[in-house]
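> fold the following and give me the result.
(one chain, ligands or ions: 1)
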Amino acid sequence: MACGDVVKLVAALMRTRPYLPQIHVRDHGKMNIGLFGGSFDPVHLGHLLVAQAAREELGLDRLFFIPAAHSPFKPENRPAPASARLQWLRLALAGQTNCEVDDQEIRRGGVSYTIETLRDYALRFPHAQLFYLIGADNTAKLNEWREAGELARLAEFVAIPRPGGMAASFPPPFRGRMLQGFPLGVSSSEIRARVRAGLPVDHLVPPPVIEAIRAARLYV
Ligand code: ATP
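This is a model prediction of the structure:
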């Protein structure tokens, strides 16, 4: 490579800003546990990128994906069967270190309230720091969630950025921060719409999950 090309290459590299997470400084000996709730209808690569960023930036020892039976914010929704959403999550997370699927909200059934789940984690891991991951578009209304004061006491809330989205704001008494990486403009609704329209979703969903969706003939 000519010298001029090397100079151009280095200049180009310096213009790109690599994603280097600001690693969370952990409390002495405290376990950091991340909780990621949602419909996961279906799980997609946006969710997996969130998981990776959260593990790095929050120094998580364990990250639990917790699919809701029924979201209190989507009352008219009829999600894909819980068994299918669980199976897709397990396929998507196979081989991922420190990521687990927790089916407690599905076992409880009915509307899934985060406070019940957080209480369960606070009991099981009384000495851990709990982080609850939430879309940045949802933080402003956190104080409308059931038992908001208790929620804020039990966990630190972490906003997940979406491309072009605004910075998250946390109403008191919530303590929160924003993840830095890696925003990806994809949603489960978009994936369902693409499957329905017969469009490819290979770039948005892990391959074993696509196969399972097709085998179950869902979203058609
Ligand atoms: P839907 O399109 O059906 O509303 P969704 O893609 O937003 O679904 P959920 O399963 O409800 O997915 O999401 C769980 C959590 O993950 C929510 O807090 C949501 O804001 C967040 N999330 C979903 N997709 C992304 C993404 N691409 N980037 C960052 N966060 C996301």
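
> if I look at residue 204, how far off is residue 216?
17 Å (C-beta to C-beta, to the nearest Å). In this view, the C-beta of every residue, glycine as well, is placed from N, C-alpha and C.

> quick one, which of the two is more surrounded?
residue 204 (20 against 15; other C-beta atoms under 10 Å).

> wait, doesn't residue 177 sit right on residue 156?
Yes - look at residue 177 against residue 156 with C-beta atoms under 8 Å: they come within range, at 7.2 Å.

> so which bits of the chain are right by the ligand?
38-41, 46-47, 50, 134-135, 160, 162, 183-184, 186-189 (C-beta under 6 Å from any ligand atom).

> the residues you listed, buried ones only, as a ChimeraX selection?
Under the burial definition 16 or more other C-beta atoms under 10 Å, those of these that qualify are selected in ChimeraX by:
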select :38,39,40,41,46,47,50,134,135,160,162,183,184,186,188
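
> residue 159 is in contact with residue 183, isn't it?
No - in this structure residue 159 lies outside contact range of residue 183 using C-beta under 8 Å: 11.1 Å.

> contacts only, for residue 125.
By C-beta atoms under 8 Å, 6 or more residues apart in numbering, the contact set of residue 125 is 31, 33.

> tell me how far it lies from the ligand.
21 Å (C-beta to the nearest ligand atom, to the nearest Å).

> with residue 103 instead?
Going from residue 103 to the ligand by C-beta to the nearest ligand atom gives 15 Å.

> please name the nearest non-neighbouring residue to that residue.
Nearest residue to residue 103 in three dimensions, chain neighbours excluded: residue 86, at 5.7 Å (C-beta to C-beta, 6 or more residues apart in numbering).

> any idea where the helices of this structure begin and end?
3-15, 45-58, 82-93, 104-108, 114-124, 148-154, 188-196, 207-216 (DSSP state H).

> how many neighbours does residue 63 have?
Neighbours of residue 63 (other C-beta under 10 Å): 24.
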